[in-house]
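1. quick one, structure for this:
(chains A and B)
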Amino acid sequence: MTLPSSSNGQIQPALTSSLLVCEHCDTVHRRRPLVRGDVARCARCHAVLEWHQRLSLDAMLALVATVMVVFVQANVWPIITLGFNGEQIHARLWGIIMMMWREHSQVVAVLAAGTLFFFPLCKMLALGWLLIYARWGRRAPGFRQVMVVLHYIQPWTMSEVFVLGVLVSIVKAQLYFDVTPDAGVFAYAVLAILITIFSGIDVRQLWDKIPEDAP
Amino acid sequence: MNAMPRAHELGLIGCHVCGLVCRDTQVPDAACPRCGASLHRRKPDSCARTWALLIAAFILYIPANVLPIMRTVSLGSVDDNTILSGVMELWVKGSPDLAVIVFTASIVVPMMKFLVMGTLLLSVHRGSHWARAQRARLYRLVEFIGYWSMLDVFVVSLLTALVQFGFFSAVEPLPGVVYFGLTVVLTMLASMNFDPRLIWDGKDEDD
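-> Numbering: from 1, shown residues only, chains lettered A, B, ... in the order given. Purely as a prediction, here's the structure:
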């Protein structure tokens, strides 16, 4: 197999659509069209190379819109309610963050704010922005930068972990107090499920789906 | 036999960020024409960075386990919990299944990360061919489950916010939880900086 080498010292895209390089072992594969339910795996290291996108752009946009609504609810509604001496104490996400800040655990406050609020929010807004334009077959303004940002914030959203954390907290707090889960937890649970569906979206395919129209 | 050519043998580079396959023209500081990210044949100083982050994470993991992460004050009794004693308490008084989950997330997963990343780095240094496919799979597993360790940090935060009133009872976060949070972040950074392609580098003879 020979590939023409470029003469000028420029980096050029090589056969963009026909080749795939496995990120985990650097093996070059020829790209094949995938049908519903197909997953392409690397023949050397078995890492997933790409998979068939079940959702259309419209469906993805609908999903993003749904996640946004649920996200607002998860942040506005109290997550857990504690009954004590006839009083009720509600804990909301931002209350938790503020409390950790005041309790000299600023590092934890920043981590929670980032992984539970800012990164998920950025991810949704960025995807929404890209998809709104993508529906019309266009690249959104700042497409390149937004795609790069999306790539970097991907691993730092931890809403799913938080749901499990709420569950553990309820059991722990019940040792001493009367606690009840609140609407916010259910919003978070739904959010966790939606995020799992979300992770089935291979954002990178947008690069190929919406080709650059301007040179 | 070269049934499965590798990118660097063909003079190609796959972009880390957008996945575009580019020609490698040996230019230093080359950037991906599609997304603008810099192109590397391998992540730069991957081993050194991963070692540094892993060792830093391990050092922080000691106070994270030794120091208490949370203080519960209820009706005059003050109780300092470390990660492990929190798990024990959950096992004895709460629900054993959740205790297993918390134990896995905050003890097993970080320890496994240290062991797996350490093994990967050592085997890469030696250019070992041993169990390449299995090592590659271990790396993917570690990347996939790493962030679940944040569980205990969220639990402490939630309980603090919830039980923060009155004269009788309070929950306070203690320094252990800060160290633990940092450990999780550092181990995540360590596995991101590791370049799994190094596992497959070196002389190819058996694949």
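
2. now the most centrally placed residue in chain A. Nearest residue, chain neighbours left out?
-> Ranked by distance to the mean C-alpha position of chain A (C-alpha atoms, centre = their mean), the top residue is A:Gln154 at 5.3 Å. Nearest residue to A:Gln154 in three dimensions, chain neighbours excluded: A:Lys123, at 7.3 Å (C-beta to C-beta, 6 or more residues apart in numbering or on different chains). Heads up, the C-betas are built off the backbone N, CA and C, glycines and all.

3. assess the claim that that neighbour and A:Leu150 are in contact.
-> Yes - here A:Lys123 lies in contact with A:Leu150, judged by C-beta atoms under 8 Å, at a distance of 6.6 Å.

4. comparing these two, which shows the higher neighbour count?
-> When A:Lys123 and A:Leu150 are compared for neighbours, A:Lys123 comes out ahead with 21 against 18, by other C-beta atoms under 10 Å in any protein chain shown.

5. roughly how far does the more buried one sit from A:Val185?
-> With the distance defined as C-beta to C-beta, to the nearest Å, A:Lys123 ends up 21 Å from A:Val185.

6. residue contacts, the residue nearest to A:Gln154?
-> A:150, A:153-154, A:157 (C-beta atoms under 8 Å, 6 or more residues apart in numbering or on different chains).

7. mind checking the SS state of the residue nearest to the centre of chain A?
-> Under DSSP: H, G, I helix; E, B strand; the rest coil, A:Gln154 falls in the helix class.

8. now render the contacts of A:Lys123 as TSV, adding pLDDT.
-> Converted to TSV, the contacts of A:Lys123 look like this (pLDDT from 0 to 100):
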residue	pLDDT
A:Leu150	90
A:Ile153	90
A:Gln154	86
A:Thr157	88
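
9. could you work out the most separated pair of the residues you listed?
-> A:Leu150 and A:Thr157 (10.9 Å; C-beta to C-beta).

10. for chain B, give me the ranges with low pLDDT.
-> Within chain B, the stretches with pLDDT under 70 are B:1-3, B:164-169, B:202-207.

11. mind listing the helices for it?
-> According to DSSP state H, chain B carries its helices in the segments B:7-10, B:46-66, B:83-93, B:96-103, B:109-125, B:132-145, B:151-162, B:175-193, B:197-200.

12. now do the second one: distance to the chain's middle.
-> Looking back up the chat, that one is helix B:46-66. Computed by C-alpha atoms, centre = their mean, to the nearest Å, the chain-centroid distance of helix B:46-66 equals 10 Å.

13. who are the packing partners of that helix?
-> Under the contact criterion of 3 or more C-beta pairs under 8 Å, 6 or more residues apart in numbering or on different chains; DSSP states H and E, helix B:46-66 touches helix B:83-93, helix B:109-125, helix B:175-193.

14. so which of these is the most packed in?
-> Per-stretch averages of neighbours, counted by mean count of other C-beta atoms under 10 Å in any protein chain shown, single out helix B:175-193 among the helices and strands packed on helix B:46-66, with a mean of 23.

15. helix B:151-162 and that one, what's the angle between them?
-> Regarding helix B:175-193 and helix B:151-162, their directions subtend 140 degrees when assessed with axes from the mean of the first three to the mean of the last three C-alpha atoms, to 10 degrees.

16. contact partners of helix B:175-193?
-> Residues outside helix B:175-193 that contact it (C-beta under 8 Å, 6+ apart): A:105, A:107-108, A:111, A:155, B:43, B:46, B:49-50, B:53-54, B:56-57, B:60-61, B:63-70, B:82-83, B:106, B:110, B:113-114, B:117, B:139, B:142-143, B:146-147, B:149-150, B:152-153, B:156.

17. returning to that earlier point: turn the helices of chain B into TSV, including distance to A:Pro33.
-> Putting these into TSV (distance: least, C-beta to C-beta, whole Å) gives the following:
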stretch	distance to A:Pro33
helix B:7-10	22
helix B:46-66	34
helix B:83-93	49
helix B:96-103	41
helix B:109-125	34
helix B:132-145	25
helix B:151-162	41
helix B:175-193	31
helix B:197-200	26
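
18. one step back: looks to me like the residue nearest to A:Gln154 is in a helix.
-> Yes - A:Lys123: assigned to a helix according to three-state DSSP.

19. tell me how far it lies from B:Ala133.
-> 32 Å.

20. and the strands in chain A?
-> Here chain A has its strands, by DSSP state E, at A:19-21, A:28-30, A:39-41, A:48-51, A:80-84, A:87-91, A:178-181.

21. before we move on, the earlier item: among the helices and strands packed on helix B:46-66, which is nearest B:Ala30?
-> When these are compared for distance to B:Ala30 using C-beta to C-beta, the nearest one is helix B:175-193, at 20.1 Å.

22. quick one: the closest one to helix B:132-145, angle?
-> Interaxial angle of helix B:175-193 relative to helix B:132-145 (the same axes, to 10 degrees): 140 degrees.

23. gap between helix B:175-193 and the chain center?
-> A distance of 7 Å separates the C-alpha centroid of helix B:175-193 from that of its chain, computed with C-alpha atoms, centre = their mean.

24. got the CA positions of that helix in CSV?
-> Extracted in CSV, the C-alpha atoms of helix B:175-193 (Å, rounded to 0.1, in the frame of the first residue of the first chain):
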residue,chain,number,x,y,z
PRO,B,175,-9.6,18.3,55.0
GLY,B,176,-9.5,14.7,53.9
VAL,B,177,-12.3,15.4,51.3
VAL,B,178,-10.2,18.1,49.7
TYR,B,179,-7.3,15.8,49.3
PHE,B,180,-9.6,13.1,48.0
GLY,B,181,-11.1,15.4,45.4
LEU,B,182,-7.7,16.4,44.2
THR,B,183,-6.6,12.8,44.0
VAL,B,184,-9.5,12.0,41.7
VAL,B,185,-8.8,15.0,39.4
LEU,B,186,-5.1,14.1,39.3
THR,B,187,-5.7,10.5,38.4
MET,B,188,-8.1,11.6,35.7
LEU,B,189,-5.5,13.9,34.3
ALA,B,190,-2.9,11.1,34.5
SER,B,191,-4.9,8.7,32.4
MET,B,192,-5.7,11.5,29.9
ASN,B,193,-2.0,12.2,29.5
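
25. thank you, goodbye.
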